[in-house]
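Trainee: kindly return the folded structure for what I paste below:
(2 chains)
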Amino acid sequence: NAGVTQTPKFQVLKTGQSMTLQCAQDMNHEYMSWYRQDPGMGLRLIHYSVGAGITDQGEVPNGYNVSRSTTEDFPLRLLSAAPSQTSVYFCASRQDGNEKLFFGSGTQLSVL
Amino acid sequence: AQSVSQHNHHVILSEAASLELGCNYSYGGTVNLFWYVQYPGQHLQLLLKYFSGDPLVKGIKGFEAEFIKSKFSFNLRKPSVQWSDTAEYFCAVNERTNAGKSTFGDGTTLTVKP
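Mentor: Below you'll find the model as predicted:
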């Protein structure tokens, strides 16, 4: 059971470039989410999804898009990368509101 | 909107000292409460959780937390810390619905000196 798989682990972008962070889970979880972690700011919710075809914004959605075409996958797209998006990104999933989040191993993104 | 506040940003303790990390939340409805730990270079792992029942919950590695509803608090405690407890600790709140978001506090960095 692989759990939550995130790729890539590291990425360097130039300002204005676009890219997609991949997230897949094999636990049949309905709820998936993306967080960014910055020093002293904890984990801030970017977008989340409660099932295939359903997405919603979190605290800091600007500059990011998501889609949920399948239960397993929840990619995060940076449309035009900015230095302010330099961060560590975590994908997480859970079965329902009573359960803990399962986290991916993270993506360290640097935007120059 | 719900929010989570962790009052201690950085705590430094010597081994065998007692630990208490504060967590307060703001939300009008029913919530589930969690503490996660992130060891250096790793992703977050669950320490303990509270859904209902006994407000004193015990987790892994000797950690416990007490839910005080009247104070909207869920403080984390450990009677005697070890060097291996050096990590970042996050309090989190789930709205108690399947669609409920998980909101995290800013985190507390714990450094335990040997």
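Trainee: C-alpha from now on. contacts and neighbour counts both.
Mentor: Will do.
Trainee: so where's the chain shaky on pLDDT?
Mentor: Here I'm looking at chain A. Across chain A, the ranges flagged by pLDDT under 70 are A:1, A:97-98.
Trainee: right idea, wrong chain: chain B
Mentor: In chain B, residues with pLDDT under 70: B:1, B:97-99.
Trainee: show me what from it comes close to chain A.
Mentor: Applying C-alpha under 8 Å from any C-alpha of the partner chain, we find that chain B lies next to chain A at B:9, B:32, B:34, B:42-46, B:49, B:51, B:90, B:94-101, B:103-107.
Trainee: so which of those residues are in strands?
Mentor: If you go by DSSP state E, these have B:Asn32, B:Phe34, B:Gln45, B:Leu46, B:Lys49, B:Phe90, B:Asn94, B:Glu95, B:Thr103, B:Phe104 in strands.
Trainee: one step back: would you write a ChimeraX line that selects the buried entries of the residues of chain B next to chain A?
Mentor: In ChimeraX, this line selects whichever of the residues of chain B next to chain A come out buried by 16 or more other C-alpha atoms under 10 Å in any protein chain shown:
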select /B:9,32,34,44,45,46,49,51,90,94,95,96,98,99,100,101,103,104,105,106,107
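Trainee: picking that back up, export the ones in strands among the residues of chain B next to chain A as TSV, with columns for distance to B:Ala65.
Mentor: Below are those laid out as TSV (distance: C-alpha to C-alpha, whole Å):
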residue	distance to B:Ala65
B:Asn32	13
B:Phe34	9
B:Gln45	16
B:Leu46	13
B:Lys49	8
B:Phe90	13
B:Asn94	16
B:Glu95	19
B:Thr103	18
B:Phe104	16
